[in-house]
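Colleague: any chance you can model this:
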Amino acid sequence: MQSVIHLVSGDETEHRTALNIARNLLEDESDRIDDVAVVAQAGGIHAVTSDGEHGETVRSLMDDGVPFMGCSNTLEAFDLAESDLIDGVEMVPEGAVEVTRLQDEGWAYLRP
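Modeller: Predicted coordinates:
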């Protein structure tokens with residue numbers, strides 16, 4: 001199984017919850033989870049900014065193979081640059097389109 005976590009809210013509690021879900025999926029002992037990905041857009045982009053409080057957790061998840069994707073449209077809307085994000089966050093043109101694409105490929109959708 002593959003799961004995509006959609007970070008949309010700017011709420012810090014939701015950021016923590018989403019990152020905890022990603023970690024829990026990775027540590028699942030049933031061996032049924034193959035891949036976990038996180039797509040950040042709108043207020044959720046703040047979870048993957050280099051000056052945010054979740055940097056260490058995001059880097060740890062990336063080190064364990066979880067790809068993080070940031071929405072280019074969101075960066076423009078929030079007047080952020082790609083350099084404002086944690087190194088390794090992959091840019092996608094539109095977060096919602098990326099989530100939809102992954103769902104179309106069979107990924108389960110999770111949103112805290």
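
Colleague: now stretch 102-112: buried residues?
Modeller: Residues 102, 107, 112 are the ones in stretch 102-112 that count as buried (16 or more other CB atoms under 10 Å). All C-beta atoms are positioned from the backbone trio N, CA, C, and that covers glycine.

Colleague: now do the contacts for the last one.
Modeller: If I follow you right, that is residue 112. 5, 9, 14, 17-18, 21 (CB atoms under 8 Å, 6 or more residues apart in numbering).

Colleague: quick check: the farthest pair among those residues?
Modeller: Across the contacts of residue 112, no pair lies farther apart than 9 and 21, at 13.6 Å, counting by CB to CB.

Colleague: now do the same for residue 96: its pLDDT.
Modeller: Listed pLDDT for residue 96 reads 97.

Colleague: can you tell me how far it is from residue 31?
Modeller: Counting by CB to CB, to the nearest Å, the separation of residue 96 from residue 31 is 31 Å.

Colleague: who's more crowded, these two?
Modeller: Shown here are residue 96 and residue 31; by other CB atoms under 10 Å, residue 96 has more neighbours (15 against 6).
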